[in-house]
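Q: this one's structure only:
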């Protein structure tokens with residue numbers, strides 16, 4: 001046994017693997033009906049490694065597909081809202097993923113240690129949790145299983161865990177066989193009555209129940225797991241007596257969260273504003289006994305793993321591992337690594353908004369917390385499902401853990417000299433129709449501008465393709481003036497590929513007109529052909545030639561039926577970027593993780609796309 005003191009992990013059992021993929025394991029952080037979470041070491045730092053149970057991975061392919069899609073949804077979350085993904089392999093059987101170990105204890109464990117929390121801590125809890133939910137709801141995403149074991153207290157505040165996978169279970173064989181997704185005592189009336197719960201109001205209701213629990217040690221409608229508590233949630237009033245005695249004002253706020261009518265509840269953003277300036281703000285944030293436990297977690301996380309404590313590197317035979325494990329050290333098509341965490345985030349990671357596989361069936365009390373960061377992998381396997389990445393922060397209820405277009409998407413209308421595609425072919429195309437140093441002629445394709453595209457730098461008038469006049473000649477160094485959006489030739493509807501400036505690989509699609517996956521692959525394949533289709537307001541749809549489906553960032557990067565949502569509308573930006581019109585964020589092939597996502601535009605090669 002290695003030194004696990006303060007980690008929140010227990011020693012590995014005989015049936016546990018000693019290594020998952022390339023990651024050696026030190027202990028077990030949690031276990032539940034869907035999988036197990038282990039403490040491991042990845043590249044010199046502690047990691048939480050989640051492995052789905054073989055029985056789950058093998059018996060419900062529909063769940064796994066939807067699970068992957070829900071993981072992709074989280075790619076829209078801002079960086080500060082997630083724990084860094086370290087590695088993963090969703091194509092393994094069973095699939096696994098790893099994230100940085102985050103020190104902390106769940107609210108459930110904190111109440112077990114201290115009893116009901118004091119007034120200042122309750123306001124802090126409301127403020128921090130509402131702030132985190134507001135960021136999620138702003139992206140049209142919902143937690144769906146908020147409860148004390150999914151709220152992790154840290155020395156900096158708190159983190160929400162177990163985000164989003166309930167939606168995958170909600171549409172899989174799990175519910176079709178009669179299981180209830182969620183935890184009954186913290187369900188909203190919508191969920192308790194069997195309705196689809198798609199708005200943030202379900203999270204606000206759950207947050208009200210969580211605050212009431214923290215104030216009394218008992219959820220406001222009772223803590224049973226059967227139909228009785230569901231009936232009370234739908235038909236009866238909550239028991240807020242202990243909270244009202246402690247703080248009548250806070251009790252009124254919680255009562256508004258527990259309104260039976262979802263339209264009568266405040267939003268998470270409104271709750272965050274209400275709680276602003278309330279609660280603990282200095283140190284310590286939490287009661288002393290809770291702070292002591294948090295200090296233990298932090299002290300453990302600060303230690304460097306001792307190489308002598310790690311299991312030996314597996315040989316070729318051993319590497320196959322137990323049933324369902326993938327050979328260690330092999331980076332397969334579906335295996336990913338996320339970018340290194342910036343120093344600022346290492347100093348203070350206030351929130352992780354994770355995904356969980358929470359399935360509470362009738363009397364099941366425990367759920368296993370998955371914190372997942374979604375993405376589509378750099379995979380040559382076009383037949384695979386959406387390839388999510390995941391960040392795991394575990395919290396078992398009983399064992400909480402610390403934790404479409406023919407587009408060069410080089411925009412038309414911004415200066416070319418500052419950001420040229422690095423590949424020679426792109427440079428040649430950029431210069432094929434230039435004539436003059438400062439001309440502002442128009443192109444005949446989608447881009448009616450000179451220079452690099454419809455950017456806002458050095459003369460570009462806006463982000464629409466073809467609207468700017470750059471500091472180059474007519475389609476000169478910035479992007480051929482006769483092309484589509486400055487892409488150097490061809491009408492917008494013509495076929496072409498989108499090659500990434502960092503990986504050199506091309507965006508590919510697979511599936512059907514109704515739904516399919518996107519990945520990065522061979523630029524010469526038919527799956528890499530796309531065309532542009534005009535949409536509203538000078539935007540474009542990027543249409544996959546083979547399937548006729550459109551590139552969409554709705555929830556996750558995928559292809560789907562064209563015209564169904566505004567997450568299929570794109571603009572061409574400066575520096576070879578492709579921007580989602582509704583958010584202004586850039587399409588990116590993130591390295592080294594292999595994720596295809598939409599992120600804040602940074603002008604990096606990973607966000608540069610060239611028509612080839």
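A: The structure has been received and is ready for your questions. Being a predicted model, the structure only gives us computed values, none of them experimental.

Q: and the next element down the chain from the longest helix anywhere in the chain?
A: Longest helix of the chain, by residue count under DSSP state H: helix 119-137. Downstream of helix 119-137, the next assigned helix or strand under DSSP states H and E is strand 151-154.

Q: burial of the residue lying closest to residue 512 once chain neighbours are set aside, as a residue count?
A: Nearest non-adjacent residue to residue 512, counting by Cβ to Cβ, 6 or more residues apart in numbering: residue 547, 5.9 Å away. To be clear about C-beta, it is placed using only N, CA and C from the backbone, and glycine gets the same treatment. Using other Cβ atoms under 10 Å, residue 547 has 20 other residues around it.

Q: what sits against residue 547?
A: Going by Cβ atoms under 8 Å, 6 or more residues apart in numbering, residue 547 touches 509-513, 516, 559.

Q: top of those by neighbour count?
A: Neighbour-wise, the contacts of residue 547 (other Cβ under 10 Å) top out at residue 559, 29 neighbours.

Q: what about it, distance to residue 565?
A: 12 Å (Cβ to Cβ, to the nearest Å).

Q: what touches both of the two?
A: Common contacts of residue 559 and residue 565, defined by Cβ under 8 Å, 6+ apart, comprise residue 552.

Q: and the next element down the chain from the helix or strand of the chain with the lowest mean pLDDT?
A: Within the chain, no helix or strand scores below helix 424-430, which has a mean of 37 by mean pLDDT, DSSP states H and E. On the C-terminal side of helix 424-430, the closest following helix or strand by DSSP H and E is strand 498-500.

Q: what mean pLDDT does that next one get?
A: Mean per-residue pLDDT for strand 498-500: 93.

Q: which residues touch the helix or strand just after that strand?
A: Using DSSP H and E, the helix or strand that follows strand 498-500 in sequence is strand 506-511. Contacts to strand 506-511, defined as Cβ under 8 Å, 6+ apart, come from residues 382-383, 497-500, 516-523, 525, 527-528, 530, 544, 546-547, 549, 551, 558-559, 589, 596, 609, 612.

Q: return a PyMOL selection command for the buried portion of the residues you listed.
A: This is how PyMOL selects the buried members of the contacts of strand 506-511, with burial counted by 16 or more other Cβ atoms under 10 Å:
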select buried, resi 382+497+498+499+500+516+517+518+519+520+521+523+527+528+530+544+546+547+549+551+558+559+589+596+609+612
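
Q: which of the contacts of strand 506-511 fall in strands?
A: Secondary structure from DSSP state E places 498-500, 516-521, 530, 544, 551, 558-559, 589, 596, 609 of the contacts of strand 506-511 in strands.

Q: any idea how the protein splits into domains?
A: For the chain, the structural domains run 105-155+167-288, 424-611, going by automatic domain parsing.

Q: before we move on, the earlier item: out of the contacts of residue 547, which is nearest to residue 274?
A: residue 559 (41.6 Å; Cβ to Cβ).

Q: please look at the closest one and residue 518 and confirm they touch.
A: Yes. The criterion here is Cβ atoms under 8 Å, and residue 559 meets it with residue 518 at 6.1 Å.

Q: which neighbours do those two have in common?
A: When Cβ under 8 Å, 6+ apart defines a contact, the residues bordering residue 559 and residue 518 alike are 509, 551.

Q: what ranges in the stretch 1-150 of the chain fall below the confidence cut-off?
A: 1-2, 32-34, 56-85, 90 (pLDDT under 70).

Q: show me where it has strands.
A: Assigned by DSSP state E, counting those that start in this stretch, the strands in the stretch 1-150 of the chain fall at 10-11, 19-20, 23-31, 35-42, 45-52, 85-89, 96-100, 105-106.

Q: quick one, the fourth one and strand 96-100 angle?
A: Just to be clear, that refers to strand 35-42. 50 degrees (axes from the mean of the first three to the mean of the last three Cα atoms, to 10 degrees).

Q: helices or strands up against strand 35-42?
A: Counting contacts by 3 or more Cβ pairs under 8 Å, 6 or more residues apart in numbering; DSSP states H and E, strand 35-42 packs against strand 23-31, strand 45-52.

Q: so how many other residues sit close to residue 267?
A: Residues near residue 267, counting by other Cβ under 10 Å: 18.

Q: how much space between it and residue 273?
A: 9 Å.

Q: ok, now residue 263?
A: Distance from residue 263 to residue 273, by Cβ to Cβ: 19 Å.

Q: higher neighbour count, the two?
A: residue 273 (15 against 7).

Q: run through the stretch 401-550 of the chain and note the low-pLDDT ranges.
A: Checking the stretch 401-550 of the chain against pLDDT under 70 turns up 401-494, 513.

Q: tell me who's in contact with residue 229.
A: 184-185, 221-223.

Q: so which of those belong to helices?
A: Assigned to helices by DSSP H, none of these qualify.

Q: ok, of the residues you listed, which come out buried?
A: 184-185, 221-222.

Q: where does the stretch 201-350 of the chain dip in pLDDT?
A: 225, 280-283, 308-309, 311-350.

Q: now the strands: where do they sit in it?
A: Assignment of strands within the stretch 201-350 of the chain using DSSP E, counting those that start in this stretch yields the ranges 335-336.

Q: before we move on, the earlier item: tell me which of the domains of the chain lies nearest to residue 93.
A: Across the domains of the chain, closest to residue 93 is domain 105-155+167-288 (Cβ to Cβ), at 17.4 Å.

Q: show the end-to-end separation of that closest one, please.
A: End-to-end distance of domain 105-155+167-288: 14 Å, with Cα to Cα, to the nearest Å as the criterion.

Q: grab the nearest non-local neighbour of residue 123.
A: Once flanking residues are discounted, residue 123 sits nearest to residue 279: 3.2 Å by Cβ to Cβ, 6+ apart.
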